[in-house]
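In: okay, here's the prediction I keep looking at, along with the sequence it came from:
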Amino acid sequence: MKTLGIIPARYASTRFPGKPLADLNGKSLIQRVYERVAAAPALDDVMVATDDQRIYDHVLSFGGKVQMTSAEHQSGTDRCAEISRNFPDFEVVLNVQGDEPFLAYEQIERVANPLRRGLAQIATLAMPIADAADLFNPNVVKVVFNAQKLAMYFSRSTIPHLRGLPEADWLAQGCHYRHIGLYGYLRSTLLEIAPLPLADLERFEALEQLRWLYHGKSVYVELTDQAIIGVDTPEDLEKARTFLDT
């Protein structure tokens, strides 16, 4: 099954305006991400999806592939769906965050494989939570899944709740997983979920994947032991620069 990697990239960001064009040791952040993803053996092609002319021109300047998309999209999923409509030859689509320049090839493979094997309609990643601060941080999304690795629920709250155990002992049970926002979709599923109406669960938690579960789509959760180093703020960019120098 041919697999397309799409990197949604917006210029307007509340915490870090212009982030895709920020310099990361001689190359822009979006160029770092593009070159990393383009070299992944699991992908047959890669392109950036943006609604900003500055990003569009910049990607072309370093030889990357890029498509302009509507400025009305509310999510990267919507942007991926718009592009996917124009590329029917690709049966699997990966939505790669444009602020993760150190994504491992193995992680891309882990998301693409369940879709190629027919195990689910959507796939994503999770890793065990190892830090107590993350366990109770609402900015760290948690996921629970069944024996077939299909997601049962995503939440900003700590799930599962360990009734009868002091919270100080929860981490040691090894049953909490952090969701990592790398998504893969069957193209047919992607085109189905993009226009779905907002679900209450999604509105309550501000997590779009709950819309998919609400409407009966299966989400395969593959595990990884490698943390993804994202660039959400200017402070994160400095950390990424240091990481590249080591």
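Out: Alright, I've got the coordinates.
In: can you map out the strands along this protein?
Out: 3-9, 23-24, 27-28, 45-50, 66-68, 92-95, 122-128, 142-145, 151-155, 177-186, 219-223 (DSSP state E).
In: nearest to residue 35, out of those?
Out: If you check each of these against residue 35 by Cβ to Cβ, strand 27-28 wins as the nearest, at 7.8 Å. For every residue, glycine as well, the C-beta is placed using N, CA and C.
In: mind listing residues that contact that closest one?
Out: Contact with strand 27-28 is made by 20, 21, 22, 35, 58, 62, as judged by Cβ atoms under 8 Å, 6 or more residues apart in numbering.
In: looking at the strands of the chain, which is nearest to residue 77?
Out: For residue 77, the closest of these is strand 92-95, at 6.3 Å, according to Cβ to Cβ.
In: for residue 115, list the residues it contacts.
Out: Counting by Cβ under 8 Å, 6+ apart, residue 115 touches 1, 92, 121, 122, 123, 184, 185, 186, 220.
In: any of those residues buried? List them.
Out: Taking 16 or more other Cβ atoms under 10 Å as the criterion, what is buried in the contacts of residue 115 is 92, 121, 122, 123, 184, 185, 186, 220.
In: okay, the third one and residue 223: tell me how far apart.
Out: Taking Cβ to Cβ, to the nearest Å as the measure, residue 122 and residue 223 are separated by 16 Å.
In: right, and residue 179 touches residue 154 too?
Out: Yes - using Cβ atoms under 8 Å, residue 179 makes contact with residue 154 at a distance of 5.9 Å.
In: list residues touching both of these two?
Out: Common neighbours of residue 179 and residue 154 (criterion: Cβ under 8 Å, 6+ apart): 141, 142, 143, 209.
In: the last one: what's it in contact with?
Out: Shown in contact with residue 209 (Cβ under 8 Å, 6+ apart): 122, 124, 151, 154, 179, 183, 219.
In: the first one too?
Out: Contact partners of residue 141, counting by Cβ under 8 Å, 6+ apart, are 154, 155, 156, 178, 179, 181, 207.
In: go with 10 Å
Out: Residue 141 sits next to 126, 154-157, 159, 177-181, 205-207, 209 when contact means Cβ atoms under 10 Å, 6 or more residues apart in numbering.
In: OK, contacts around the closest residue to residue 48 other than its chain neighbours?
Out: Using Cβ to Cβ, 6 or more residues apart in numbering and skipping residues adjacent in sequence, the residue nearest residue 48 is residue 66, 4.3 Å away. Shown in contact with residue 66 (Cβ under 10 Å, 6+ apart): 7, 9, 30, 34, 47-50, 55-60.
In: swap in residue 100?
Out: Neighbours of residue 100 in contact, by Cβ under 10 Å, 6+ apart: 7, 29, 32-33, 36-37, 107, 180-182, 228-231, 240.
In: let's see 8 Å
Out: By Cβ under 8 Å, 6+ apart, the contact list for residue 100 reads 33, 182, 228, 229, 230, 231.
In: look up how far residue 198 lies from it.
Out: Residue 100 sits 26 Å away from residue 198, taking Cβ to Cβ as the criterion.
In: over to residue 119?
Out: Taking Cβ to Cβ as the measure, residue 119 and residue 198 are separated by 27 Å.
In: give the bridge partners for residue 5, please.
Out: Assessed by DSSP bridges, residue 5 has beta-bridge partners residue 46, residue 94.
In: fine by me, we can end here.
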